[in-house]
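[1] The following comprises the amino acid sequence and a computationally predicted model.
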Amino acid sequence: MASILSNRLASIRHSSFVSKFNRFHGRRLLLEQQQQRFLHPSTTSPTNGNVRGGLFSIAGLQTPHDFLRLTKEAIQTSDQLRETLPTTIDSKAQAVNALYQLDQISKTVCNVIDAAELCRSAHASSKWRESANVAFMELQDYIGTLNADQQLYTQLAQVHRDYYDDLTEEEQRFCTLLKQEFEIDGIHLPDEQRVKVKELHHHVTTLETLFASNITNSRKNFLVDASSVESVIPKQVLQANGAVYDEKKHPNQVQVMADTPITHSIIGFANNAELRKQVHMESMTCCPENIDVLEALIRVRQDLAHSLGYESYGHRFLRDKMAQTPEHVHDFLQDVRRQIAPGYRHDMDLISRAKQSVEGSAIIEPWDIKFYVKLLKTQLGGADPNELAEYLSLPNCLNAMQLLVQNLFGIQMQEREMHPSERWDVDTEKVSNIPKDEQIRKFVFLEEETGRELGTMYLDLHPRAGKYTHAAHFTVRCGCVENGPDSDYQLPIVALVCNMNPGHASFSSHQEVETLFHEFGHALHSLLSRTSFQHLAGTRGAMDFVETPSHWMEHYVWDEEFLPILAQNERGEPIPESLLNPLVKSRNHFRCLEMQNQIVLSTFDQQIFGPNPASDSTQKIWAALHQEHGVPYADGTHWYSNVGHLVTYGAGYYGYLYSQVFAASIWRKLFHQRSLQRDSGDQIWRKVLIHGGSRDPSIMLEDLIGKKPTLENYWNSLS
């Protein structure tokens, strides 16, 4: 049910966008009470690691086939819960119990489908991925059945009508949102039309799954001149990141994969313009099969929206978001575009003059931008990337994260040993063939004062075959009560999935550190949320608000107080002021250029899913928007076909910019020049993070900063 179906976030961050917003944020059913062996994560101890094991520390996941068994059990358990719901509600106690029973149905399905989503996106074993995908698709079909269950809606509507004023704030919000989601999915329609809507939902899910699968499985390899590439990246680094040399078949050439950290580095650092062009063209066309998939999805989503009585898919999607309407989103994007126009012209003029000086041509091509931005940042007083690299390592980053949560929240982030069966970075339980610093790692979050466990975070940070190629936050388990208001609490489990360089030089740029902290912000939102209902846990709130904690966390990688902790060399020496000051100063260099690219993608998203979708192909629309906004574009490229958010954030991509406004206001009010203070951390935890999606975002923001966030704070943060 888009009713018992909620917004989920996996925060996929693709590269150009600085990969900040990349995360799946699709809609997902929420429901509970699986059998005991699946419900409870395995216990752990600091000395002996995971006692019982199981994939993601879920004891019921020992073999690929277990996904199919657990799917069957989840459906059976949910059906039993549906049958035991009372036909009429006669008291407040019954009303409250009905709400928790609906959420148990939700949790039952989500406990399987959430784990299946991570597995099918990242497991090293094709057998595990295939089994998880079958489970995912079967549960999506079952969700369609739940969405059309008239009896569930009738009971919920009665609670809302007769007992709403007797409920707590969280119960009221759960009841209201669930009722709205049922209605958004057409529960009010006659039986024949509901059948059609269910079929359309299935078609949409199939296309969404195919789009995401194509991104994960598309492995476009191409040959480049070896000496040219090695002038940018040492041979041993190329080989460590999957580049293939075959002197017999391809002398003097090396095979690389499109749209990877290697190709991003080539585009950013290669002096050779022809090499940059070749790599750009290959990377921007690496998933052509998704063009037809997206165009089919546009048509089916519009058919679904029209069947439900909405003017467009955008109107349907935005109904329960902070922005509410496509018209509001359009006005917001236009306002941002007007504000940044002078800065964008200035950025492009700097690049044009730099290229004229270096190459004798002032015409900016799309493969020029990253290269000249990096060059100009150094010339404008930014930190030299080569000098900075010495201070950016994964061990430092993790140590800094541990200190940060300790200072802000009084939380210990303790690393724990993993049972071999927990892992998903190998085909078997043998992990000895993976270097220790490239293996998945596990951290448990504990309150210092009480020792109370808050949840588990896995870090899957390095590339491998069959793994999703961008950066993402996955929720494996939501935090919520297990069987009603007085029952035990199901602790959250999350995973951060990235694709960083192996070895000490984990980060190819400071931007990659920012990406990891962005995803860490999502993880904190999930781990520190303490909602009763899983439907409202962690990142399951308004889509155009849930990016706020991740953007808030990004501020730390630019903070003068925190950087000496985060950035240290192998000798433990903090980043010197000669690098720190230029780095901080460079934060807003070419920020308007980045935002203009976000406006293009957000506008593209609104246009294809909005009230007047153009009859032109998506490639023509994409090209026309680049021309209209003055953003360089290469004919025939279609980078959008590799952007997972057009599926999972369809009509909602603007939320990336929208949430930046909120995050800037929060930082300016509470953390500017006091970024490590406990009282600031306590405020954002107790007034925002702890509530997940159980409070109205507007109320939380006003409570936290004392007023409504405005664009003014955002412009001030860019100055």
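    Thanks, I have the structure now. Remember, it's a predicted structure, so these values are computed and weren't measured experimentally.

[2] for the stretch 501-650 of the chain, which spans come out with low pLDDT?
    Judged by pLDDT under 70, the stretch 501-650 of the chain has its weakly predicted residues at 503-506, 614.

[3] please redo it, this time with the cut-off set to 80
    501-506, 508, 612-615 (pLDDT under 80).

[4] Equivalent analysis for the chain, please.
    1-52, 218-219, 241, 428-433, 469, 501-506, 508, 612-615, 708-719.

[5] swap the cut-off to 70 and go again
    1-52, 429-432, 503-506, 614, 710-711, 713-719.

[6] Just the strands from it, written as ranges.
    Assigned by DSSP state E, the chain shows strands spanning 5-7, 27-29, 44-45, 49-50, 221-225, 244-245, 253-257, 411-416, 441-447, 453-460, 472-477, 480-481, 489-490, 493-497.

[7] can you tell which of the ones you listed is closest to Tyr310?
    Nearest to Tyr310, of all those, is strand 27-29, at 14.8 Å by CB to CB. Every C-beta, even on glycine, is put in place using the N, C-alpha and C of the backbone.

[8] which residues of the stretch 51-200 of the chain fall in helices?
    Taking DSSP state H, counting those that start in this stretch as the criterion, the stretch 51-200 of the chain carries its helices at 66-84, 92-122, 126-147, 150-163, 169-184, 191-217.

[9] how about the helices of the stretch 351-500 of the chain, start to end?
    Under DSSP H, counting those that start in this stretch, the stretch 351-500 of the chain gives helices at 369-379, 385-389, 394-409.

[10] do you know how far Leu275 is from Gln660?
    The gap separating Leu275 from Gln660 is 34 Å, by CB to CB, to the nearest Å.

[11] between these two, which one's more packed in?
    Gln660 (23 against 19; other CB atoms under 10 Å).

[12] I'd say that one and Ser550 touch.
    No: with contact defined as CB atoms under 8 Å, Gln660 does not reach Ser550; the gap is 10.0 Å.

[13] Is Glu474 bridged to anything, and to what?
    Slight slip there: residue 474 is Phe, not Glu. With DSSP bridges applied, Phe474 shows beta-bridge pairing to Ala495.

[14] number of nearby residues for it?
    31.

[15] who's in contact with it?
    Shown in contact with Phe474 (CB atoms under 8 Å, 6 or more residues apart in numbering): 10, 114, 117-118, 121-122, 494-497.

[16] next one: His589
    Residues in contact with His589 (CB under 8 Å, 6+ apart) are 373, 376-377, 380, 382.

[17] and the gap between it and Gln151?
    For His589, the distance to Gln151 - CB to CB - is 58 Å.

[18] what does Ile666 give?
    43 Å.

[19] Between these two, which has more neighbouring residues?
    Neighbour totals were compared for Ile666 and Gln151, and Ile666 leads with 26 against 11 (other CB under 10 Å).

[20] My read is that the more buried one contacts Gln683, right?
    No: using CB under 8 Å, Ile666 makes no contact with Gln683, being 9.4 Å away.

[21] Touching both of these two, which residues are there?
    Each of Leu704 lies in contact with both Ile666 and Gln683 under the rule CB under 8 Å, 6+ apart.

[22] now, which of the contacts of Phe474 sits nearest Asp335?
    Comparing the contacts of Phe474 against Asp335 with CB to CB places Ala10 closest, at 29.2 Å.

[23] Go through the strands of the chain and name the closest to Glu170.
    Here strand 480-481 is closest among the strands of the chain (CB to CB), at 10.9 Å.

[24] So which elements touch that closest one?
    The contact analysis (3 or more CB pairs under 8 Å, 6 or more residues apart in numbering; DSSP states H and E) places strand 480-481 against helix 92-122, strand 489-490.

[25] okay, these in a markdown table with distance to Leu156 next?
    Listed next are the helices and strands packed on strand 480-481 as a markdown table, based on distance: least, CB to CB, whole Å:
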| stretch | distance to Leu156 |
| --- | --- |
| helix 92-122 | 7 |
| strand 489-490 | 22 |
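
[26] Could you dump the helices of the stretch 351-500 of the chain into a markdown table with mean neighbour count and distance to Thr145 added?
    Below are the helices of the stretch 351-500 of the chain laid out as a markdown table (neighbours: other CB atoms under 10 Å; distance: least, CB to CB, whole Å):
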| stretch | mean neighbour count | distance to Thr145 |
| --- | --- | --- |
| helix 369-379 | 19 | 48 |
| helix 385-389 | 15 | 53 |
| helix 394-409 | 19 | 41 |
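
[27] looking at those helices, which is closest to Val237?
    helix 385-389 (11.8 Å).

[28] what sits up against that closest one?
    Here helix 385-389 makes contact (CB under 8 Å, 6+ apart) with 269, 374, 378, 505, 507, 509-510, 567, 575, 579, 583.

[29] Among the residues you listed, which pair sits farthest apart?
    Phe269 and Ile575 (21.0 Å).

[30] Out of the contacts of Phe474, the closest to Leu563 would be?
    Leu496 (21.1 Å).

[31] Just give the nearest non-adjacent residue to the closest one, would you?
    Glu519 (4.7 Å; CB to CB, 6 or more residues apart in numbering).

[32] what's the answer for Cys175, then?
    Nearest residue to Cys175 in three dimensions, chain neighbours excluded: His160, at 5.2 Å (CB to CB, 6+ apart).

[33] what does Ala273 give?
    Using CB to CB, 6+ apart, the closest residue to Ala273 is Glu359 (6.5 Å).
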